[in-house]
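Asks: Give the three-dimensional model of this entry:
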Amino acid sequence: MGANESGGEITINEAYNWYNKFMKDCPSGQLSLYECKSFLSLHGMKPEAEYYVDQVFNTFDLNKDGFIDFLEFIAGINLIIRGKIDQKLKWYFKLYDADGNGSIEKRELVKIFRAVQAITGYNETTPEAFTEMVFDKIDTNHDGELSLEEFVNGVESDRDLFAMMSKIFDLSSILKIIQCGKNNTEPESFKP
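Replies: Model prediction:
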């Protein structure tokens, strides 16, 4: 679910390059939500898309101070580039669990799917149909909520669901913009 999954941690050289990029684009050392949206040209989006960007930002803001510092930034980059499947699924769970109550309700998944559609234009299914399909497949106790265990185990064990979620919720395009700038093509590290 994301860029390449090559395993291992970010190297010292990669961290140094990311640090230089981060400090160049954010000299204060703290990236606000507004600065993040400006950097990625994400202002003026539909409210659904704004919601998704806000959720992603808040998920990376580990200490909940309203800013992403370099350590939070590099932890997010490491997850996208080299995170293992279960790590990425746990992060996605946290992203989808908007109210932070430890479970994903149908309304939360519908809302995040609408937000993703607003950003990506993905329209092969409706948010409601996608949500019903996910819950039919992985809500093992049929309580209308997905626990972390149900979500991770369910997505990992269902190849079709995993492939669909990987395609729909992929963050590597955002990473490419951060690494290369808005007008450049793929960086060397993303080429096959």
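
Asks: got the contact list for the strand or helix carrying Tyr34?
Replies: If you go by DSSP states H and E, Tyr34 is part of helix 33-39. For helix 33-39, the surrounding residues in contact (CB atoms under 8 Å, 6 or more residues apart in numbering) are Asp25, Cys26, Leu31, Leu42, His43, Val53, Asp54, Phe57, Gly66, Ile68, Ile178. Yep, even glycine has a C-beta here, placed from its N, CA and C like the rest.

Asks: Strands of the chain, residue ranges please.
Replies: Here the chain has its strands, by DSSP state E, at 30-32, 67-69, 103-105, 145-147.

Asks: Which one of the ones you listed lies nearest to Ile85?
Replies: Proximity to Ile85 (CB to CB) singles out strand 145-147 among the strands of the chain, at 16.8 Å.

Asks: That closest one - contacts with which helices or strands?
Replies: Helices and strands touching strand 145-147, by 3 or more CB pairs under 8 Å, 6 or more residues apart in numbering; DSSP states H and E, are strand 103-105, helix 127-138.

Asks: Which residues are in contact with Ala75?
Replies: Applying CB under 8 Å, 6+ apart, the residues near Ala75 are Phe60, Leu62.

Asks: Quick check, pLDDT for Ile178.
Replies: In this model, Ile178 is scored at 58, pLDDT.

Asks: My error: substitute Glu188 in the last question.
Replies: Looking at Glu188, its pLDDT is 38.

Asks: now do the one 4 residues further on
Replies: With respect to pLDDT, Pro192 scores 29.

Asks: what residues are up against the residue lying closest to Asn78 once chain neighbours are set aside?
Replies: Nearest-residue entry for Asn78: Ile10, 5.0 Å, with adjacent residues in sequence omitted and distances by CB to CB, 6 or more residues apart in numbering. Neighbour list for Ile10: Trp18, Ile74, Ile77, Asn78, Ile81, Arg82 [criterion: CB under 8 Å, 6+ apart].
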